[in-house]
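Here's my sequence, what's the structure:
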Amino acid sequence: MAAIRSPRRLRVLTWHVHGNYLYYLSQVPHDFYLVTKAGNPPGYAGKGGFLPFGDNVHELPIERVPSTALDCVLYQHRTHWISDRVEVLSEAQRRLPRLYIEHDPPLESAYEQKHWAQDPELTLVHVTHFNRLMWDSGATRTTVIEHGALIPAHVRYTGELERGIVVVNHLRQRGRRLGADVFRALKERVPLDLVGMDAQSAGGLGEIRNCDLAAFVARYRFFFNPIRWTSLGLSIVEAMMTGLPIIGLATTELPAVIRNGENGYLHNDLEVLAGVMRQLIAEPGLARQWGERARRDANERFHIDRFVGDWNRLLAEVTS
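As a prediction, the model looks like this:
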């Protein structure tokens, strides 16, 4: 699918909030300026880390933001909308075409929380239809752009490890919402490994670099998502593209992606999930069959070209 290009190359101000998402967003053929602070605190990290950002991604020290010529502002966090918009941007920059990517479902109330970005001239971009359904977006215009992802071309599922893989950052710290108790309960029944930031504190292996993760998880028999309440994790999309079957809880957006007995299995009874995991360990051919369907589904729905095209169209619309 050919990417649809905007009439002109845009200068987009944004922040480094979710690294993998930002890397995929940077595949859109515009220039992205990342607000940075000394010491690279969270939300202002620039291009740091192992992600191979291209030449279209630029670091912009926060003190230089007001004097920089821009075409569009793309917010991604409550702090940036409430504080940086008022304290950092110039008056003219606050009037520029503006969008806000909401990465999460509401965390204070599942269905009554009103989004803080209330602006009829803003476009609030949700990453799943479930998120848009649950947020009260008020007077703000909304749209949905589903994830797009890339994995190395040579990476393919092998599934030789008779274990499941879980990918969650800071699982112990983030607790029940991210399914720390679910992981512990099923780890007692089925062999499971955990990777991610600070995974060791929850009995896991540690953090795997972004560029190495797809090849690392491809060796496992299945991917398990223990999370109760979140957006659709990019690690799930990436695992599907690799060819892993997905096992998880039947919550949030996941039931719109995973079909039981076809590309994975979802249930809210942990004993049922444990039984399915044991079956995949005992039947590698079944795991490969489900995983191949997951790979085809992910490439149809979450291909990077579709994602780039969606963002190009939206950026062209709001800056026209």
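
Which residues in the helix ranked longest in the chain does the neighbour count mark as buried?
As assigned by DSSP state H, the longest helix anywhere in the chain is helix 284-301. Buried residues in helix 284-301, counted by 16 or more other Cβ atoms under 10 Å: 287-288, 290-291, 293-295, 297-298. Yep, even glycine has a C-beta here, placed from its N, CA and C like the rest.

Stretch 185-204 now?
For stretch 185-204, burial by neighbour count (16+ other Cβ under 10 Å) applies to 185-187, 190, 192-196, 198-199, 202, 204.

Next, the distance between the ends of that stretch.
End-to-end span of stretch 185-204 (Cα to Cα, to the nearest Å): 14 Å.

Adjust the sequence numbering to begin at 560 for everything that follows.
Shifting the count to begin at 560 puts that one at stretch 744-763.

which other residues reach that stretch?
721-732, 739, 742-743, 764-767, 772, 775-776, 779, 783, 785, 829, 832-833, 836-837, 840 (Cβ atoms under 8 Å, 6 or more residues apart in numbering).

Only whichever of those are buried, select them in PyMOL.
To isolate the buried members of the contacts of stretch 744-763 in PyMOL, using 16+ other Cβ under 10 Å:
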select buried, resi 722+723+724+725+726+727+730+731+739+742+743+767+772+775+776+779+783+785+832+833+836+840
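
The next helix or strand after the longest helix of the chain vs helix 843-860, what angle?
Going down the chain from helix 843-860, the next helix or strand is helix 863-878, by DSSP states H and E. Interaxial angle, helix 863-878 versus helix 843-860 (axes from the mean of the first three to the mean of the last three Cα atoms, to 10 degrees): 30 degrees.

Pull out the CA atoms of helix 863-878 and give them to me as PDB.
In PDB, the C-alpha atoms belonging to helix 863-878 read as follows (Å, rounded to 0.1, in the frame of the first residue of the first chain):
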ATOM      1  CA  ILE A 863       3.000   0.400   9.000                       C
ATOM      2  CA  ASP A 864       1.800   1.600   5.600                       C
ATOM      3  CA  ARG A 865      -1.800   1.800   6.700                       C
ATOM      4  CA  PHE A 866      -0.700   3.700   9.900                       C
ATOM      5  CA  VAL A 867       1.400   6.100   7.900                       C
ATOM      6  CA  GLY A 868      -1.400   6.800   5.500                       C
ATOM      7  CA  ASP A 869      -3.900   7.400   8.300                       C
ATOM      8  CA  TRP A 870      -1.500   9.900   9.900                       C
ATOM      9  CA  ASN A 871      -0.700  11.600   6.600                       C
ATOM     10  CA  ARG A 872      -4.400  12.200   5.900                       C
ATOM     11  CA  LEU A 873      -5.100  13.600   9.400                       C
ATOM     12  CA  LEU A 874      -2.100  15.900   9.400                       C
ATOM     13  CA  ALA A 875      -3.000  17.100   5.900                       C
ATOM     14  CA  GLU A 876      -6.600  17.800   7.100                       C
ATOM     15  CA  VAL A 877      -5.800  19.700  10.300                       C
ATOM     16  CA  THR A 878      -3.100  21.800   8.600                       C
END
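
Which strands or helices does it pack on?
helix 578-584, strand 631-634, strand 657-661, strand 681-685 (3 or more Cβ pairs under 8 Å, 6 or more residues apart in numbering; DSSP states H and E).

Tell me which of those sits nearest to residue 801.
Among the helices and strands packed on helix 863-878, the nearest to residue 801 by Cβ to Cβ is helix 578-584 (14.2 Å).

Which parts of the stretch 610-759 of the chain are strands?
Counting by DSSP state E, counting those that start in this stretch, the stretch 610-759 of the chain has these strands, from start to end: 616-620, 631-634, 657-661, 681-685, 700-703, 720-726, 751-754.

Spell out for me which residue occupies the centre of the chain.
residue 793 (3.8 Å; Cα atoms, centre = their mean).

Can you get me a residue count around the closest residue in space to it that isn't next to it in sequence?
Here the nearest residue to residue 793 in space, its sequence neighbours aside, is residue 579; by Cβ to Cβ, 6 or more residues apart in numbering that works out to 5.0 Å. Number of residues near residue 579 (other Cβ atoms under 10 Å) recorded here: 18.

List the contacts of residue 579.
Taking Cβ under 8 Å, 6+ apart, we find residue 579 in contact with 610, 708, 769, 793, 797.

Next one: the second one relative to residue 876, how far apart?
Residue 708 is 24 Å from residue 876, where distance means Cβ to Cβ, to the nearest Å.

Which one's more surrounded, the two?
Neighbours were counted for residue 708 and for residue 876 using other Cβ under 10 Å; residue 708 has more, 23 against 12.

Now name the helix or strand holding the residue found closest to that one once you drop the neighbours it is linked to in the chain.
Closest residue to residue 708 apart from its sequence neighbours, by Cβ to Cβ, 6+ apart: residue 796 at 4.7 Å. Using DSSP H and E, residue 796 sits in helix 793-801.

Okay, buried residues for stretch 580-593 please.
For stretch 580-593, the neighbour count (16+ other Cβ under 10 Å) marks 580-587, 589-593 as buried.

from these, which is closest to residue 822?
For the buried residues of stretch 580-593, the minimum distance to residue 822 (Cβ to Cβ) is 21.3 Å, reached by residue 583.
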